[in-house]
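Trainee: for reference, the sequence and a predicted model appear below.
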Amino acid sequence: MRVLLVEDEPDLADALAAALRRHRMVVDVAGSLRAAEYAALDAAYDVILLDRGLPDGDGLALLDMLGHTEPRAAVVMLSGMGAIADRVAGLDRGADDYLSKPFALDELLARMRAVVRRPGTRKPRTLQLGRLRFDTDMRHAFVNDTPLALPRRELLALEVLLRNKRCTVLRSALLARVYEEGNDPKSNSLDANLSRLRSRLDDADAGVEIHAIRGVGYLLREARAC
């Protein structure tokens, strides 16, 4: 499960992120509303754990932005603002659940599993662009109906690019997904992986191209006719 934790208290953020990673989740942490907005646009999350009292605004503002994204991540509010009016405000603005601080980890995990199971929160099984197709359940790539064999890191990069097709994906978002926890890639490792992936897609005539945005990130789009 891919999780975005939006929490400005460093000790709590570190402890909760570590606990979620022990349950085999991939966790990104954002300490402000602005950072959370960038992260939510740059990567595909299953669940967003969202605090309200952020240094640059109310976490509810992120719910307004998420309402325009597709597919939409499930949102669980985690807040010290636990009055009935606060909980109602969060749910009415689009949160899938609202858990008041302090909370038990086991209850949080159960609520996360529950919101992911709800209709409308599951990501599409198939991502497609050009002649390229990606099965998100089996984690296999195909060109038309022919399997496309890819190493793990190239497959992870392809999934991120397909989930954000025709949009620029920041290098930081790709690095977080491709190398995940506990890895410290060299500065050119991502570029090398993307270069190899580009060559494989070209050789397979997938009908797509990976475009590098210098100093920013990468964009996956339909191949342009010669």
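Mentor: Yep, that arrived.
Trainee: what residues does the longest helix anywhere in the chain touch?
Mentor: Assignment by DSSP state H gives helix 189-203 as the longest helix of the chain. Here helix 189-203 makes contact (C-beta atoms under 8 Å, 6 or more residues apart in numbering) with 132, 148, 150-151, 153-154, 157-158, 171, 174-175, 178-179, 208-210, 212, 218. Using the backbone N, CA and C atoms, a C-beta is placed for each residue, glycine as well.
Trainee: of the residues you listed, buried ones?
Mentor: 132, 148, 150, 153-154, 157-158, 171, 174-175, 178-179, 208, 210, 218 (16 or more other C-beta atoms under 10 Å).
Trainee: low-confidence bits of this structure, can you list those?
Mentor: Along the chain, the parts satisfying pLDDT under 70 run over 42-43, 67-71, 119-125, 180-187, 225-226.
Trainee: show me what the helix or strand harbouring L5 is packed against.
Mentor: Following DSSP states H and E, one finds L5 within strand 2-6. Based on contacts counted as 3 or more C-beta pairs under 8 Å, 6 or more residues apart in numbering; DSSP states H and E, the elements that strand 2-6 packs against are helix 10-22, strand 26-30, helix 33-42, strand 47-50.
Trainee: tilt between the third one and strand 26-30?
Mentor: It stands for helix 33-42. Angle, helix 33-42 to strand 26-30, by axes from the mean of the first three to the mean of the last three C-alpha atoms, to 10 degrees: 140 degrees.
Trainee: excluding its backbone neighbours, what's nearest the most centrally placed residue in the chain?
Mentor: Centroid check for the chain by C-alpha atoms, centre = their mean gives A44 as the closest residue, at 2.7 Å. Closest residue to A44 apart from its sequence neighbours, by C-beta to C-beta, 6 or more residues apart in numbering: R163 at 4.1 Å.
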